[in-house]
Every structure is written in C-alpha cells, then in structure tokens.
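Chemist: Using only what follows, build the 3D model:
(chains A and B)
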There are 2 protein chains.
Amino acid sequence: MPLPPTVRWADHRLYLLDQTLLPHEVVEVEQHDVAQLVDSIQRLVVRGAPAIGVAGAYGVALAVRDGGDLHEQAALLAGARPTAVNLGWAVQRVVRRGERAVTAGEGLLAALEDEAAAVHREDQAQCEAIGRHGAPLVADGAGVLTHCNAGALATTGIGTALAPLYAAHEQGTPFQVFADETRPLLQGARLTAWELDRAGIDVEVVVDGAAAHLMARGEVGLVVVGADRVAANGDTANKIGTLGVALAAQRFVVPFYVACPSSTIDLATPDGGAITIEERAAAEVTGAAAPAGVGARNPAFDVTPHDLVTGFITDRGILRAPYGVSLAAG
Amino acid sequence: MPLPPTVRWADHRLYLLDQTLLPHEVVEVEQHDVAQLVDSIQRLVVRGAPAIGVAGAYGVALAVRDGGDLHEQAALLAGARPTAVNLGWAVQRVVRRGERAVTAGEGLLAALEDEAAAVHREDQAQCEAIGRHGAPLVADGAGVLTHCNAGALATTGIGTALAPLYAAHEQGTPFQVFADETRPLLQGARLTAWELDRAGIDVEVVVDGAAAHLMARGEVGLVVVGADRVAANGDTANKIGTLGVALAAQRFVVPFYVACPSSTIDLATPDGGAITIEERAAAEVTGAAAPAGVGARNPAFDVTPHDLVTGFITDRGILRAPYGVSLAAG
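Modeler: Numbering: from 1, shown residues only, chains lettered A, B, ... in the order given. Modelled structure (predicted):
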C-alpha cells in the first residue's frame, strides 16, 4: 500500500497528511488559509525540512488565491519555523516567480501554482537521486541506524535519509534498521517505523540512549540521518539527539552520513554557530511523567560539527570533506 | 518534607515504596514473600543498585521468616536482575552470616535480620560519605547533568550521584540540575526531578538526546551518574544512555564522574565485556507510539569505557585513573 501524500495541491486547494495522528489514524486535512498552515507547520502536522518547503511553496499560492498580500503572507509562512532552511528558500523562490509574473503582466496565481509544483516535482526527483547515490552504502546484512524521520513522510518523495534504504531494498539488499524513537515527539517510533514496516523493511525501535550501545556492540554498520540546515563548512543542524549519535559513530568507527537535497545546504550560513535552534514548549518533554511544577528545556535541534560527518548524500552525489570546497562547488 | 523510605523492615515485615507509581502516588507496599519481592525488583517497584541490594538483604530474612530454604530462596533473589552487582553481593553476605549463625547454634532469623540491617546502615553511611567527597566538585552556579536516578530513591540514603548535590545544596552552593528523562521508563523525569524538586534544588528535565547539545553550548560544568557495576578496569555499567552522555562529556571537555559505593566495584569482573546486560521487554519502548507489529530492542544498561570516566566518587574518596590500581587498592 503506497503512503498517502504528505502534501497535495488539487483544484487550488492544499491538503496535508496530519502526521500528529500517525501511525494510528491516517487523516488528510485541508488547509484553508495561511494562518492555519502556519499553525500546522508549528504543530508538526507537516514536518521534515523538504516537506515543509513544499507546503510553504503551495502556501504562497494559497494566500494569493484568497486575495492576501503576497509579501506579507510569505513572511508569515517563512517564519513559521526557524531552523530548516528549505522553508524560507521555497517560499522566497515562489514569491520571486510571482514578482516576475506581475512585472510581465501574467496571471499571478497560475504562476505561483506553477512554481510551487516545480518545487514539489524537484523534491521528488531529489529524493530519487539521493536514493540512487546512497544505495551502494547499504551493505548486505548491515545494521542501519537512523534518528527521527527523514523518510517519505518528511518529504514529498521517498525521503532523504531513508531514500538509500528504499533504493537498496528495491535492489534486493537485505538489511536491518534501528529507528531511534526520537523524543520528545517520537517521530522515529511513530513515523519511521511505520513507513519502513509498510514497505516490508525490517525495522526495530530503540530508545535514543541505546544508539551508542548498539554501535559499541558492533551491531550498526551505517548511520544515515537527514538535515534541517547544513552550513557552508558542513556543520549540520538536525533533530535533537543527532549530535549524540554522531559522537557514538565516531567513537565506534561507524560511517555517519547526512542525506539531504542541495537546497538544505545553506552557503549563507558560515558554520553551525550561526544556526538558530528552535526551542519548543516544555510540555512536550514533561508530559504526564514529570512532577507538577518541574520545567524542562526543549531544544528541537542540535548541530553536528562537520568533522563527525563521513559524507553528505545529496541529489548531486556524495560530498566528502573538506566541505567548504565541495559544498561550494556542489 | 523528607522522602518516604525506599526500603523498610519493621516487626519482621518488609515494605517497599512503589516507585512505579511516582511521582503521582506515594504508596508503600508490603512484600509478603520472596516471589513477590523478586517480581517487585523486576518491575522496578524498587530500583537502583544500592536499594536493590538492601531489599535483597532483607529478602533473605523474609524467606527464612516463613520457613523457606535459605540457599534456594537466596538464589531466586540474587537472580532477579543480572546487571547490578550489589544485589548478589548483599544476598550472599546475609546468607554467609546465616551459615555462621547455624554453625554457631545461634538464632538464624535474628542473625539474618541483624546482617541485613547492617547492609542497610552501611548503605546510608556510604551515601553520606559519597556526598561529602563529591560536594567540592559542584562549582558555584554550575550546570550539573545527571542520567536516570541515582538519588535517594535508588538507595536507602541520600543517593550516589545525587549525594554530592544534596551535600553542596546543604552547604549553600547554588547550581542548576539538568535531569535526563531516561527513556524508556523515565526515571529521570519521574524520580530525579521529583526528589530534587522536593529538596528545593533547581531542576529541569531534558530528553536524553539533548544532553550533548547542552554540553556543546557550554551549559554543563559537571556530569555525575551512578553505576550498577564497575569492572576492575573501571569500565562502568549503568542505565542505557550513560555511554552517550560520557562521549559527549569527553568531546566537550566536561568532567564525567561516576558515583557509587565501593560495593558496586566488582574486582571479579575484569572489564566491561564481561558484564551481562539485561534486555527488557520491547513493550517498554514501543508503548503506545509505535505501530502494531513493530518490535524493539531494549537493552537496559550500557557500558562506559574507563577512559571516558574522569573519576569515581566513592565512600572511600575519589578514585582516578589508572583504575586497575586504585580500585584494587581502594
């Protein structure tokens, strides 16, 4: 059974798969305006840097469809979440196409829809390319560990980190996936486990704290994660906990790859220190477990320094250190 | 308000504070026989290597009180959980006292109760000593990170890892604690946060994956954790996720201390490779989040290699590398 689309634009309407309800309910929700879409992005109804980018791109068309101001609405969309570069990039790209259409006297909505559809198609094609380039890294019988969800559900295609796994599976390579559950919102347990299991790929969930242990015991031959923003020097912002996985991979000599489309590489950000880390509500962490009155810190992302990254699996091929050179050339 | 006792023996009866219900309910449960006690140890009604040791010690008296066979019941108790050394050590110690009593023609039950009470008193005294030795490590205004619960609730005294914090707090040193929530059973969020908050110590909960990020950002000046078994070379088994914390501490040059009573140091175990790691039920991990049919790996402990440990805070003082020498001499 194919996965339902994460983002869908049809008859000038925008629909999102509500990922907060997965894996127990599969529900598509129409987004009626930009305010609702911004809320959906913030609540992680749609999440994953590439999928957010596509949703934001269509969001610009949605705004103009209902007579909203192009630049005002675009600014609201771009600011919905700060860490992923794709959102701002996609929104800006569609806005520029709209500006050109206005200058040329073309229909604005049609131009925005056309550009958003192009962003959408490119995301799908980039996922396929990442899969093609990354599949040879999956050795026969390997244990593959991933963190959070950088799969089909994080994109509009076959994923970023999971794309090489889907491609390898299609080629008949047997392997076993360990999905970090990824607290606090459990994207690994809820989403990665769900989509891999549906595809017939052998997957087991582990608590985030068990990743280092599995590597120490020699059970992991490859780590692949996604990225929300890659700085020019290769420092990588990704879901909180990624840094710990990278440190364990270094210690136990396990290759650690970041998979992302080229659009996630942000040459305007020199290094990880310049990346804004979103802090989310404490209640996501404390939930029902912690005693009343005790607070929490809830950074949603961390930065993995480039020296811990074996390579970047991108739609253009695999980039390796030194990243300053290869990313700029990429 | 003082914490209720984790383990209590009164009028030849054994009572445990049911830690599975904390922080929401504070309930003491009488243990009527060894089978119930073994089940309570396995379900983590009582947990923490030192507290399990004391419970096991009284368990031997409990068995004999009801006419059970000393050695048979002791073997059941000692085998309840495999990783913590204190359980087997305490049970064996009480059994030997019983054997001596039988040989000497003394009353068996009274001898067992007396020895268990000695184990109990020593645990409390060791916690105090760990606090005394460790308190100077807590700098004014420091961020202190701990994993799982090695506090009062893990012992019958003021804890192991948390003992230096209680002692420093009593001395008026201000500091801030980050409690790793510690999946899957959330001992950090449920227990560490609860007992520190009750003591008036500033504590915030973080997901396990956030520990490395906080260290990278310079917010942590000290890491203190407990231990379930320390091998002769200093390799340390502790709650799953400890290894990842230690790797982050090394990377970001944060002192990483293990606090434990001398009885947790097992000179009969040469190194971490010889430590049995308990694997617990997958359902503890998958819970309600993962899709039906997807399994989990659930190792309950990991081993932190000795080179990642800055020092051991014990009742006998702080031991530093090389541990083979200092532990043997300790």
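Chemist: For the strand or helix carrying A:L214, which helices and strands make contact with it?
Modeler: Assessed by DSSP states H and E, A:L214 sits inside helix A:211-216. When contacts are defined as 3 or more C-beta pairs under 8 Å, 6 or more residues apart in numbering or on different chains; DSSP states H and E, helix A:211-216 sits against strand A:142-146, strand A:175-180, helix A:242-251, helix B:242-251, strand B:301-304. Heads up, the C-betas are built off the backbone N, CA and C, glycines and all.
Chemist: Next, the buried residues of it.
Modeler: Neighbour counts over helix A:211-216 (16 or more other C-beta atoms under 10 Å in any protein chain shown) mark A:211-216 as buried.
Chemist: follow-up on the earlier one: okay, the helices and strands packed on helix A:211-216 in JSON lines with mean neighbour count and mean pLDDT next?
Modeler: Putting the helices and strands packed on helix A:211-216 into JSON lines (neighbours: other C-beta atoms under 10 Å in any protein chain shown; pLDDT from 0 to 100) gives the following:
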{"stretch": "strand A:142-146", "mean neighbour count": "24", "mean pLDDT": "98"}
{"stretch": "strand A:175-180", "mean neighbour count": "24", "mean pLDDT": "98"}
{"stretch": "helix A:242-251", "mean neighbour count": "27", "mean pLDDT": "98"}
{"stretch": "helix B:242-251", "mean neighbour count": "27", "mean pLDDT": "98"}
{"stretch": "strand B:301-304", "mean neighbour count": "26", "mean pLDDT": "98"}
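Chemist: A:L77: which of these is closest?
Modeler: Judged by C-beta to C-beta, the one of the helices and strands packed on helix A:211-216 that comes nearest to A:L77 is helix A:242-251, at 25.6 Å.
Chemist: near chain B, anything from whichever helix or strand A:W194 is part of?
Modeler: Here A:W194 sits within helix A:193-198, counting by DSSP H and E. Yes - Helix A:193-198 comes into contact with chain B (C-beta under 8 Å from any C-beta of the partner chain), by way of A:193-194, A:197.
Chemist: Chain neighbours aside, what residue packs nearest to the spatially most central residue of chain A?
Modeler: Note on chain A: the residue nearest the mean C-alpha position is A:G48, at 3.0 Å, using C-alpha atoms, centre = their mean. Nearest residue to A:G48 in three dimensions, chain neighbours excluded: A:A154, at 2.3 Å (C-beta to C-beta, 6 or more residues apart in numbering or on different chains).
Chemist: which residues touch that neighbour?
Modeler: A:6, A:47-51, A:160, A:191, A:226 (C-beta atoms under 8 Å, 6 or more residues apart in numbering or on different chains).
Chemist: Which pLDDT does the model give it?
Modeler: pLDDT for A:A154: 98.
Chemist: Same check on the one 5 residues further on?
Modeler: If you check A:G159, the pLDDT there is 98.
Chemist: count of residues packed around A:Q126?
Modeler: Neighbour count for A:Q126, taken as other C-beta atoms under 10 Å in any protein chain shown: 24.
Chemist: Next: A:P322.
Modeler: Neighbour tally, A:P322, other C-beta under 10 Å: 11.
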